[in-house]
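everything below, folded, please.
(chains A and B, ligands or ions: 3)
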Amino acid sequence: MVSLDRLDKIAHKARESQRACDHSVNVCTAAACQSAQSQPVLNALKQELKNAGLESRCAVRSVGCMGPCAQGPCISVEPQGALYGKVRPEDAAEVVASLSTTPVERLAINTSTPFFQRQTKIVLANSGRIDPEKIEDYVAANGYRALLTALTERTPAEVIQEVVKSGLRGRGGAGYPTGLKWNTVAKAAGSQKYVICNADEGDPGAFMDRAVLESDPHRVLEGMTLAAYAVGATRGYIYVRAEYPLAIERLRAALRQAARQGLLGQRIGDTEFNFDIELRLGGGAFVCGEETALIASIEGRRGLPRPRPPFPANYGLFGCPTLINNVETFANIAPIVDQGGDWFASRGTEKSKGTKVFALAGQIVNGGLIEVPMGITLREIVFDMGGGLPTGKKFKAVQTGGPSGGCIPEAHLDLPVDYESLRAVGSIMGSGGMIVIDDGQNMVDVARYFMDFCMCESCGKCVPCRVGTAMMQDLLNRFCGRQATSRDLATLRHLCEVVREASLCGLGQSAPNPVLSTLQYFEQEYLDAILGKGRSNGHASP
Amino acid sequence: MPIGAIKPVAPSEDKRWRIVHAAMRRNGFRRDALIETLHTVQESFGYVDDISLRYVAQSLRVPLSAAYGVITFYHFFSLKPPGQHTCVVCTGTACYIKQANQLLQCAEEKLHILPGETTPDGLVSLLTARCVGSCGIAPVVVIDGAVEGNMTPERMTAQVTRWRDGQP
Ligand SMILES: Cc1cc2nc3c(=O)[nH]c(=O)nc-3n(C[C@H](O)[C@H](O)[C@H](O)COP(=O)(O)O)c2cc1C
Ligand code: SF4
Ligand code: FES
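Ligands and ions are numbered 1, 2, ... in the order given. Here you go, the predicted structure:
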């Protein structure tokens, strides 16, 4: 039976074997680095160590995302403290030779820059430090301690209280207070309850959840199990995108390991508590990120949203009370239960607590994954941490919230990042995708891109969204082809309002956001298209 | 199983049907295992044809119309056999900002097909995806399952030429 003592033993053993080596070289094998050929680098390092007779003195570990994805493959060397980027198998010998001297300057990434220094890591604390395929590594990093302590020493109500105190809000987009949601599910009547982890990450241009799943899957499992204990659920599902094969593979391995250690299944930690988790693969439909559509999909049906209420908290999977949270939300739970809600709430702003993981992409120098305290400004993220735009490109806007969000211009860059401020300027926090757009980009074209996305992904259940997105797409095509009239502009504005007000689910309700925000800040580009003076890149959609 | 239900037999002797059967059995032949099972079929056979769909629908006692509705709803499933090679151009936001359109255009011109189609000789299937989650190295193309970052039209062209020459 698993107990705190047993965890101590596992942790002790893992630390001992780590300590047995003088050095450790950590190679990122998460998706981005893997596609930059990190596996051959890992193999080459092993071979070089063998050649140098240092196999027993230096461990080579496969770890998760370290952040600077655009510079992959990344490796780090401990205890030397070096971080290397764009490493190639040929560099292995040099890295090995430098183990007991100074780091290889040619490959080094400077970690004293704001990109690293401004980060506060809670969700990503283990990411890039532990081997995601080894439960021992997670346990050695204090993993599953919060769960076992809670099971034996705290009541479900106390766990919920801690989450309420933390002020944590849902990281899947809408920012609903997590503690409040848990309370509702806990109070809902029903003997069978479910916990679902939303790992559908449909926002094109966001990869935070993927990184968490690939770098620290046990953290998500522990968060879900704590949630199940708190709300009284006995079964859990992780709904993960089929497009993330590595995340799926690592989740499967993590589930097997946790079950083998007795951290999932019957009588966890020798208590009365039983909990099991199953994986469900998505089918590439964006709308399935919406909670009621996601439930329909797990039930094996087409992912069509349904009107709420009843909310899933009362009537969810198979008609039972169901708790749905996002990957990052669950990843915050173990630290909150372990270190206390007050500790978590001491970070961030008054209404948005803690940290947020952002995926920086687009026209930016330091693309990658960052975790920052809420309340940091967009300017700090884009220019200080992100290093601004590549030479020769000028900042135009930053897009947050994906197809449900908006484009924020230079004038609002000093805005603190929190749920309310972003909403006030016509965007949303969203799940954390942040895409920097340069001045070579036509904003009407950006709006059309997102409208095309919403039109293709509309499930077709309700008319305002199904027909409205197609009509708006048609109008935007006319703007991009410089064929628009001023009446078209009026129609576009009107449609935005209709679709927003009359659509059934969040997809339709927020589909006009990219148009509205570009209309608000870049209206001239729409007007230019009417006069036939604008420019548009990219070819017209069929 | 209710009275009167016929137990469907696998469409052929192919061993892969055992994997599909095992997936259904693992889920107790429940209806909600439909999507799971279709994933298994696609993983085993590369696509889901009429015969497979019928077999799965009957086994799980899902009306064929409902099963057809499901499989056409989810983009991930393919009803046609894929080409020998697949080329998936990411058209997610990060890749779009990094000119993924040019890559797609290049692939369309070189292969003379549109996204979702396979060359008549069955050599290459061209597909698009909405973000494969490697936005840090955009623009991204997935070539035969391997993610390739910072893609250029030149490299795309070279890849197509290699395929034509019978190389991987
Ligand atoms: C069209 C649409 C797509 C969504 N996609 C996602 C998604 O990919 N991941 C996610 O966690 N939440 C997504 N959501 C939000 C979920 O419906 C839900 O609010 C969220 O999973 C709740 O978890 P949270 O409270 O932890 O944020 C989406 C919502 C809509 C309307
Ligand atoms: S708003 Fe769009 S996606 Fe949502 S239910 Fe209506 S048609 Fe479907
Ligand atoms: S947008 Fe192409 S990988 Fe994310």
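
from A:Gly300, how far out is the closest residue to ligand 2 within chain B?
Nearest to ligand 2, among the residues of chain B, is B:Phe73, at 11.2 Å (Cβ to the nearest ligand atom). (C-beta placed from N, C-alpha, C; glycine too.) Separation of B:Phe73 from A:Gly300 (Cβ to Cβ, to the nearest Å): 12 Å.

which non-adjacent residue is nearest the residue of chain B closest to ligand 2?
Closest residue in space to B:Phe73, ignoring its immediate chain neighbours: A:Arg302 at 4.2 Å, by Cβ to Cβ, 6 or more residues apart in numbering or on different chains.

how many neighbours does that neighbour have?
With neighbours defined by other Cβ atoms under 10 Å in any protein chain shown, the count for A:Arg302 comes to 22.

before we move on, back to that, ok, now how distant is the residue of chain B closest to ligand 2 from A:Ser297?
Counting by Cβ to Cβ - B:Phe73 and A:Ser297 are separated by 9 Å.

which SS state does the closest residue to ligand 1 within chain B fall under?
Nearest residue of chain B to ligand 1, counting by Cβ to the nearest ligand atom: B:Cys131, 10.7 Å away. Secondary structure, DSSP: H, G, I helix; E, B strand; the rest coil: B:Cys131 is coil.

return the residues in contact with it.
A:203-207, A:243, B:90, B:92-95 (Cβ atoms under 8 Å, 6 or more residues apart in numbering or on different chains).

helix or strand: which one has A:Ala186?
Element membership of A:Ala186, judged by DSSP states H and E, is helix A:178-187.

and if you look at A:Val195?
Going by DSSP H and E, A:Val195 is in strand A:194-199.

can you list the strands that that strand pairs with?
Strand A:194-199 has its sheet partners listed here by DSSP bridges as strand A:235-240 (parallel), strand A:322-326 (parallel).

need the CA coordinates for the longest one. PDB is fine.
Only the C-alpha atoms of strand A:235-240 are listed here, as PDB (Å, rounded to 0.1, in the frame of the first residue of the first chain):
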ATOM      1  CA  ARG A 235     -13.900   8.200 -12.200                       C
ATOM      2  CA  GLY A 236     -11.900  10.600 -14.300                       C
ATOM      3  CA  TYR A 237     -11.300  11.200 -18.000                       C
ATOM      4  CA  ILE A 238      -8.600  13.100 -19.800                       C
ATOM      5  CA  TYR A 239      -9.800  14.400 -23.100                       C
ATOM      6  CA  VAL A 240      -6.700  14.900 -25.100                       C
END
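
report all helices and strands that whichever helix or strand comes after it contacts.
Per DSSP H and E, strand A:235-240 leads on to helix A:245-260 as the next helix or strand towards the C-terminus. Helices and strands touching helix A:245-260, by 3 or more Cβ pairs under 8 Å, 6 or more residues apart in numbering or on different chains; DSSP states H and E, are helix A:31-35, helix A:135-140, helix A:208-215, helix A:217-231, strand A:235-240, strand A:276-281.

quick check: which ranges of the chain have low pLDDT?
Since no chain was named, I'll use chain A. A:1, A:532-542 (pLDDT under 70).

could you do chain B instead?
Using pLDDT under 70, chain B drops low at B:1-6.
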